[in-house]
Each structure stands twice: as C-alpha cells, then as structure tokens.
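Peer 1: Fold the following, please.
(one chain, ligands or ions: 2)
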Amino acid sequence: MQIKEVRAFVVRGGGADYHDQTEAHWIDDHICTPMSKYEEYKQSRKSFGINVLGTLVVEIEATDGTVGFAVTTGGEIGAFIVEKHLARFVEGADVTDIEKIWDQMFNSTLYYGRKGVVLNAISGVDLALWDLLGKVRNEPVHKMIGGAVRDELKFYATGARPDLAKEMGFIGGKLPLQWGPADGDEGLKKNIETLAHMRSKVGDDFWLMFDCWMSLDLNYSIKLAKAASEYGLKWIEEALPPDDYWGYAELRENIPDGMMVSTGEHEATRWGFRMLFDKNCCDLIQPDVGWCGGLTELLKISALADAHNKLVVPHGSSVYSYHFVFTRQNSPFAEFLMMAPNADKVVPMFNPLLLDEPVPLNGKMNISALDKPGFGVRLNPECELSRPYIH
Ligand SMILES: C[C@H](O)[C@H](O)[C@@H](O)[C@@H](O)C(=O)O
Ligand SMILES: [Mg+2]
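Peer 2: Ligands and ions are numbered 1, 2, ... in the order given. You can find the predicted model right below:
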C-alpha cells in the first residue's frame, strides 16, 4: 500500500516536549544544568529555553485513508524539516519501505543533521511509519519487532519524590540533581543530604539514582559518585556533556565498585552509541526513541549494545519506548517520568496530548496494555494542533 501524504503539526503545553509545562512543576524547580553557572538561569530550565522547541506531531496517511502518527520534541523547526525536506522520501513510498525511507532521510540531511533536532524529526517520521504499518496490518508494534520477551515490565520513576514512587510500586527513584560545580562543596553536600534523606525514607533495597542532565565536570562527578556510594546510589546519569566521551571513560574508571554510569538520552544514531561503547563510557545507555533516530535506529543501537553487554533502558518516551522495551532481552526495566507537578501521582507521560496512553499500575505494566494496532494511542482532539508549513 502506498503513502499519500505526510503532515507535520506543532502544539504547546506538555505532550512530547514534557519540559513545556505551564504551571509550577518539580521538573522546572532548581535542577542543575550546564547553564546553572549563570545565576539568572539557575532556578528554572525554561528560563534558558529547555522548552523552546515544543511538540512535533507527524501524521502519515496511506492511500486507503489509514493514518499513522507519532509525537516527539521538535516544534516549528521539526515541522519545517519534515514538510520541506523529509516528506519527499515518504510520499509515494510503500508503507513497508521503512528501512529505505530511514536511509534516505538520514543521508539527505547529513550535511546539516547527524544529531539534535534533525534526528528528532527523522525519529518522528520513523515512529509514525511504524504506527501506520501496525494500523495497516492490525498489529501492535511490539509484535512486528520480534514480540514480547516478558509479560510484565517493571518501571523506575523519575521525579522529585522517590519516597512516593516506592509507595506506588516502582522499583526505584531517579532524583534530578539540584546543585552543581558552581555551588561548590556546599552544593555537593546538599546533593548528598537529599540522597541521604531519601535513603532514610525508602530503605536499603529501593534503587536511588541521580540524573545530572549534562551539568557536571569530571572532578565533581567523581567526588559526587564517591560521596553518594555511602547511600547506595545505583547509577550516576548523564554527568557530563554528551560529546565528552573521554570524560565518561575516565569517570567510569573512577567510580566506586557496584555503581553504574549511564548516559545517551541526548546521543543519536548507531555511530554515536558506538563511540560510547568503543570508549567504555558507560554501563547502561538511555537513548530516547524520539530523538536517537526512531525505532528503526534504536533496534540497531540495541543490537550493538547487546554485543557489548550493555543494558538499554530508553529515556522515558511513553508508548514509543514501551513497545521496544518489552521485546528486548537487554532492556529488563523501563523509565517512567512522573509528570504530575508534585510527582505525587501517576499521570500519562505525554499528558494531555495522547488518548489511551497506558501508564504503569503499581509500578508495572502488562503486555496486554499494548495490544492495540500500531502504538495504540490517539491524538487528543482537545489539543489544538497547527500546521506551520505545507509542502
Ligand atoms: C529529570 C531530568 O532532569 C530530565 O528532565 C529528564 O527529562 C531526563 O533526563 C530523564 O532521564 O528522565
Ligand atoms: Mg536523564
């Protein structure tokens, strides 16, 4: 069956650009970033533009009227790339031409893409193609990529309240790091006090992790890891900027035994992840399927990781990662981002953009929750989309 049309829309306020929150929210409350060295950008990540892109919605319609769609972070820039550049490789192709379309999208944008928002746009088209194929074949995506290797998936929760996450049945809690090098030893002490306080509330067996969101330097990362090991930190996440492969390799050589180094959510393509493996940067990679190149590329990244004995736990991206994680032996658990403003209840991750978006119940999800064609979700008609470019 042929593809008739590709359409790219934008929408603000949560959704796939989950940092784009309109009200007070833990995810924008004094979280340490590479911009935290600037006082004016310390309190709020929105102040330096973490939510500047907004959500990109990609719709792909087949000649029989079936429509597949996907959402990712990309906004108007992403819509421009989809409509003005990528659409030409999709329209007129067969719904099964997923590999060829990916290769043409990647190679045609190589002169200005390779990573970042171009790969977000490619990922959005790729995920929409998988959704369309599933709807045409009346199959959930997980059944088209090898089938589930487990009936139940366990989740850890990312958010400000690991203590509440434990009560909700999650296997662990990932805390956003709040103080960085600019806050000196005083700030490092506060980070450890937060960890110690949470450890006292959750007991010894519940996983606790720090998400450092690219904000540290190597010396600080090693000091933080060593101090945090007393409180059983399971992994230190994205401590350094994504391109500092050398720093990650040195961090991994110097962290306490038993602690893991994770990174990858802002990495893209099999080549980017090969660098992480070849330089021994990490124990666990966290590609975002909406940013790394889509499902077609994540399958390649996952196989490479498996050959290097690395775990693949995708950065939280709702149904787009759940279908994948269920089908991979080296993806034994998943991330769930707590998108309630106080991290005190479970709400759909891409709220309010998707209808039928499954969420973990008691920290777990059964494969039956994904038994709908494609990725099994619908766009919320109450979310007003706009189409900034038409090709
Ligand atoms: C909580 C972190 O600061 C980020 O907001 C989050 O998007 C990401 O790093 C994660 O791993 O969930
Ligand atoms: Mg992270």
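
Peer 1: Give me the buried positions along stretch 302-316.
Peer 2: Judged by neighbour count (16 or more other CB atoms under 10 Å), stretch 302-316 contains these buried residues: Ser302, Leu304, Ala305, Lys310, Leu311, Val312, Val313, Pro314, His315, Gly316. Using the backbone N, CA and C atoms, a C-beta is placed for each residue, glycine as well.

Peer 1: Redo these as a markdown table? Include secondary structure and pLDDT.
Peer 2: As requested, the buried residues of stretch 302-316 are exported to a markdown table (DSSP: H, G, I helix; E, B strand; the rest coil; pLDDT from 0 to 100):
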| residue | secondary structure | pLDDT |
| --- | --- | --- |
| Ser302 | helix | 98 |
| Leu304 | helix | 98 |
| Ala305 | helix | 98 |
| Lys310 | coil | 97 |
| Leu311 | strand | 98 |
| Val312 | strand | 98 |
| Val313 | coil | 98 |
| Pro314 | coil | 98 |
| His315 | coil | 98 |
| Gly316 | coil | 95 |
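
Peer 1: farthest pair in those?
Peer 2: Using CB to CB, these span at most 21.6 Å, a distance reached by Leu304 and Gly316.

Peer 1: Run through the neighbouring helices and strands of the helix ranked longest in the chain.
Peer 2: Ranked by residue count, the top helix of the chain under DSSP state H comes out as helix 116-137. Judged by 3 or more CB pairs under 8 Å, 6 or more residues apart in numbering; DSSP states H and E, helix 116-137 is in contact with strand 3-11, strand 55-62, strand 67-73, helix 75-81, helix 98-108, helix 141-144, helix 294-307.

Peer 1: Can you add distance to ligand 2 and give those back as JSON lines?
Peer 2: Listed next are the helices and strands packed on helix 116-137 as JSON lines, based on distance: least, CB to the ion, whole Å:
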{"stretch": "strand 3-11", "distance to ligand 2": "23"}
{"stretch": "strand 55-62", "distance to ligand 2": "19"}
{"stretch": "strand 67-73", "distance to ligand 2": "14"}
{"stretch": "helix 75-81", "distance to ligand 2": "21"}
{"stretch": "helix 98-108", "distance to ligand 2": "24"}
{"stretch": "helix 141-144", "distance to ligand 2": "24"}
{"stretch": "helix 294-307", "distance to ligand 2": "16"}
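
Peer 1: if we compare these, which one ends up closest to ligand 1?
Peer 2: Comparison of those against ligand 1 by CB to the nearest ligand atom identifies strand 67-73 as nearest, at 10.1 Å.

Peer 1: so what strands line up beside that closest one?
Peer 2: The strands that strand 67-73 pairs with in its sheet are strand 55-62 (antiparallel) (by DSSP bridges).

Peer 1: the helices in the chain, which residues?
Peer 2: Remark: helices assigned in the chain by DSSP H are 45-48, 75-81, 87-90, 98-108, 116-137, 141-144, 162-167, 184-202, 218-228, 245-254, 269-278, 294-307, 319-325.

Peer 1: ok, and which of the ones you listed has the densest surroundings?
Peer 2: Highest mean neighbour count among the helices of the chain (mean count of other CB atoms under 10 Å): helix 319-325, with a mean of 27.

Peer 1: who's in contact with it?
Peer 2: With contacts defined as CB atoms under 8 Å, 6 or more residues apart in numbering, helix 319-325 is touched by 70, 72, 127, 140-142, 145, 153, 288-290, 295, 298-299, 302, 313-315, 331, 333-335, 354, 357-358, 365, 370, 375-377.

Peer 1: circling back: make a markdown table from the helices and strands packed on helix 116-137 and add distance to ligand 1 to it.
Peer 2: As requested, these are arranged in a markdown table below (distance: least, CB to the nearest ligand atom, whole Å):
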| stretch | distance to ligand 1 |
| --- | --- |
| strand 3-11 | 19 |
| strand 55-62 | 14 |
| strand 67-73 | 10 |
| helix 75-81 | 17 |
| helix 98-108 | 24 |
| helix 141-144 | 22 |
| helix 294-307 | 16 |
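
Peer 1: wait, which of the ones you listed is closest to Val118?
Peer 2: Closest to Val118 of the helices and strands packed on helix 116-137, according to CB to CB: helix 75-81, at 6.0 Å.

Peer 1: give me the residue from this structure nearest ligand 2.
Peer 2: Of all residues in the chain, Asp211 sits closest to ligand 2, at 4.3 Å by CB to the ion.

Peer 1: what's the spacing between that residue and ligand 1?
Peer 2: Distance, Asp211 to ligand 1, using CB to the nearest ligand atom, to the nearest Å: 5 Å.

Peer 1: can you pull the contacts of that residue?
Peer 2: With contact set as CB under 8 Å, 6+ apart, Asp211 has these partners: Thr158, Lys174, Leu175, Pro176, Leu177, Glu237, Glu238.

Peer 1: For the residue of the chain positioned farthest from its centre, which residues are in contact?
Peer 2: Largest separation from the mean C-alpha position in the chain: Asp64, at 32.3 Å (CA atoms, centre = their mean). Neighbouring residues of Asp64 by CB under 8 Å, 6+ apart: Met1, Val136.
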